[in-house]
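J.: compute the structure for the input listed below.
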Amino acid sequence: MNARWLVVHLPAFRLERCGFSAEDIAGLVAEERNALRVVAATPAAWAEGIKPGVTAAEARALVPGIELLPLDPDGEAADRAELLRACGRLSDRTATHGADDLLLEISRTTHLFGGEAGAVEAAVALAASFGHETRAALADDPIGAAAVARYGLHPGEPWRIVPRGALAAHLAELPLVALGPSPVVHDALRAVGIRRIGELAALDAASVAGRWGEEAARLVRLARGEPTSHPAAPPVDDRPIVVSAPLAGATAFQEIAFALPGTLGQLLAELAARDLAVVQLRVVLRLERGGMVAVPVRSGRPTRDPVRLTRLVHSRLEPVRLPSPVTELVLEVAETAPALGWQPGLVDRTEATEPLPELLARLADALGEAALFAPGLADRWRPETSWEPRPFPVARQALVAPSSSSFRLVDDPVEAQAQWVRLASPRPRPLLLLTTPKRLDVRTGPGGGVPVSARLGDDWIAVTRVEGPERLQGEWWRIDDPLDREYWVARVGSATAWLYRHQVIWYLHGWFD
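T.: Alright, predicted model coming up:
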């Protein structure tokens with residue numbers, strides 16, 4: 001199958017990542033040729049005459065209200081790389097094409113999106129989810145697709161699919177600059193009257209090559225719609241990712257921690273080269289007397305964040321007791337996932353607390369898989385036994401009855417419990433259920449039925465609101481202790497309690513708040 005190249009052009013990428021839109025008049029400036037000069041501008045700024053290379057003073061003279069920000073090359077490169085990695089959802093062959101274009105070879109993945117149109121729409125939607133305006137084109141050649149995306153779309157046309165074999169017709173009326181010729185070749189062709197790509201296609205390729213070199217001949221072939229060569233994506237590298245650092249007989253955690261940043265940096269560089277993120281590491285400490293100590297480290301979610309991984313490795317290594325000095329620190333990647341990433345420059349994603357997936361992974365490493373569980377509903381009569389331990393995702397989904405259209409799966413276990421109480425349970429159930437019901441002194445009203453006050457500590461607290469009773473009966477086969485309880489929801493002071501009476505004795509079984 002012949003390759004099909006999708007180019008997603010981001011006309012204002014460098015400014016959009018800084019919070020501007022294509023309609024804002026803004027630019028980026030950096031020190032060039034002994035002056036602060038504009039190196040990028042929004043399309044609206046271009047329309048006002050702000051071109052790369054003009055000084056900041058000249059830009060402000062042209063448009064007094066223009067906003068100029070200092071160039072952040074590292075942040076820009078990181079955002080571009082994260083966006084490119086996200087495109088891995090659409091193709092396994094991706095690259096950047098200039099500063100503002102994403103290049104995807106999608107001939108082998110279009111069937112996953114219902115055809116070429118679906119794949120183009122998915123790519124445009126992906127870029128839009130990162131906050132970018134786009135223009136896109138799909139064609140037989142990457143340079144040709146970029147030319148159509150940049151210069152060939154009509155107003156209001158968000159993207160175009162160039163049919164196989166029809167690239168020349170779509171390029172013919174575009175300006176010569178759309179093919180990205182070098183300044184020397186561009187000026188030479190313009191000197192002989194070549195202004196449009198269609199005029200270039202009419203020239204003899206051999207004569208052009210003899211006069212202006214191979215670049216000009218390649219542009220002629222491209223102008224005729226003949227696909228040019230493009231480096232293929234590198235083959236999948238499935239070699240194990242292992243890095244190590246020698247340790248001269250380390251005996252304390254601090255000595256191992258000293259070697260960790262450099263070793264972890266090597267590991268992350270190897271992961272970045274393969275567009276992968278780590279899910280699980282294996283830290284191996286080789287010992288002076290032979291043997292080794294191996295410690296698994298789970299990240300909870302795919303990551304290449306050095307701060308996060310350093311914290312996780314530290315937490316796993318600190319309690320380790322060494323039987324002999326360590327001669328080598330080895331980091332092995334046990335499990336990876338594609339590095340889809342996000343653009344930290346667009347949104348403040350500072351997390352105030354440790355994310356739940358990382359917390360679960362850390363606890364599983366420290367306590368073992370069997371010690372980590374969430375409660376799921378169980379078909380038992382007694383409230384204190386009507387749950388069972390389950391893995392977190394299973395337990396959370398089991399908590400929500402799938403038969404009701406009002407239910408929705410949620411990640412927050414507190415919200416899931418509240419949803420269950422609100423929609424599923426015919427009677428409310430407390431968020432905090434005591435493992436063993438606690439005996440409680442309760443005074444009742446006339447007739448000995450409704451609770452009116454309860455003794456909490458040394459004080460009697462009035463019951464200001466009460467709902468019930470709810471009668472729970474069952475387990476008649478337990479002759480010594482059958483289930484026969486009368487439950488009440490009672491507002492005791494500033495809290496709401498779940499109380500029940502068994503025969504004449506009252507118990508506190510849980511709290512709603």
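
J.: any weak-confidence spans in the stretch 401-513 of the chain?
T.: 401-427 (pLDDT under 70).

J.: in this structure, which helix is the longest?
T.: helix 253-273 (DSSP state H).

J.: and Ser324, what does it touch?
T.: Neighbouring residues of Ser324 by C-beta atoms under 8 Å, 6 or more residues apart in numbering: Leu287, Glu288, Arg289, Gly291. Just so you know, the C-beta spots here come from the backbone N, C-alpha and C atoms, and that holds for glycine as well.

J.: what's the most distant pair in those residues?
T.: Spatially, the most separated pair among the contacts of Ser324 is Glu288 and Gly291, at 9.5 Å (C-beta to C-beta).

J.: among those two, which residue is more densely surrounded?
T.: Neighbours were counted for Glu288 and for Gly291 using other C-beta atoms under 10 Å; Glu288 has more, 17 against 10.

J.: helices and strands around the strand or helix carrying Leu83, which ones?
T.: Per DSSP states H and E: Leu83 is located in helix 73-86. On a contact count with 3 or more C-beta pairs under 8 Å, 6 or more residues apart in numbering; DSSP states H and E, helix 73-86 meets strand 94-96.

J.: quick one, the next helix or strand after the strand it packs on and helix 73-86 angle?
T.: As assigned by DSSP H and E, the chain's next helix or strand after strand 94-96 is strand 101-105. Relative orientation of strand 101-105 and helix 73-86, computed by axes from the mean of the first three to the mean of the last three C-alpha atoms, to 10 degrees: 30 degrees.

J.: tabulate the CA atom coordinates of strand 101-105 in CSV.
T.: C-alpha atoms of strand 101-105 as CSV (Å, rounded to 0.1, in the frame of the first residue of the first chain):
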residue,chain,number,x,y,z
ASP,A,101,3.3,21.1,11.4
LEU,A,102,2.7,17.6,12.6
LEU,A,103,3.3,14.8,10.1
LEU,A,104,1.5,11.4,10.3
GLU,A,105,1.7,8.5,7.9
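
J.: list the buried residues of the following helix or strand past it.
T.: Going down the chain from strand 101-105, the next helix or strand is helix 116-129, by DSSP H and E. Under the neighbour-count criterion of 16 or more other C-beta atoms under 10 Å, helix 116-129 has Glu116, Ala119, Val120, Glu121, Ala122, Ala123, Val124, Leu126, Ala127 buried.

J.: I'd like to know how far Glu31 sits from Ala78.
T.: 21 Å (C-beta to C-beta, to the nearest Å).

J.: what do you get for Asp480?
T.: Taking C-beta to C-beta, one finds Asp480 at 67 Å from Ala78.

J.: before we move on, what about Arg37?
T.: Applying C-beta to C-beta to Arg37 and Ala78 gives a distance of 23 Å.

J.: and those two? which has more neighbours close in?
T.: When Arg37 and Ala78 are compared for neighbours, Arg37 comes out ahead with 21 against 16, by other C-beta under 10 Å.

J.: show me the contacts for the closest residue to that one other than its chain neighbours.
T.: Nearest non-adjacent residue to Arg37, counting by C-beta to C-beta, 6 or more residues apart in numbering: Thr55, 5.4 Å away. Neighbouring residues of Thr55 by C-beta under 8 Å, 6+ apart: Ala35, Leu36, Arg37, Val38.

J.: related to what we said a few turns ago, next, the angle helix 73-86 makes with the longest helix of the chain.
T.: Using the same axes, to 10 degrees: helix 253-273 against helix 73-86 is 60 degrees.
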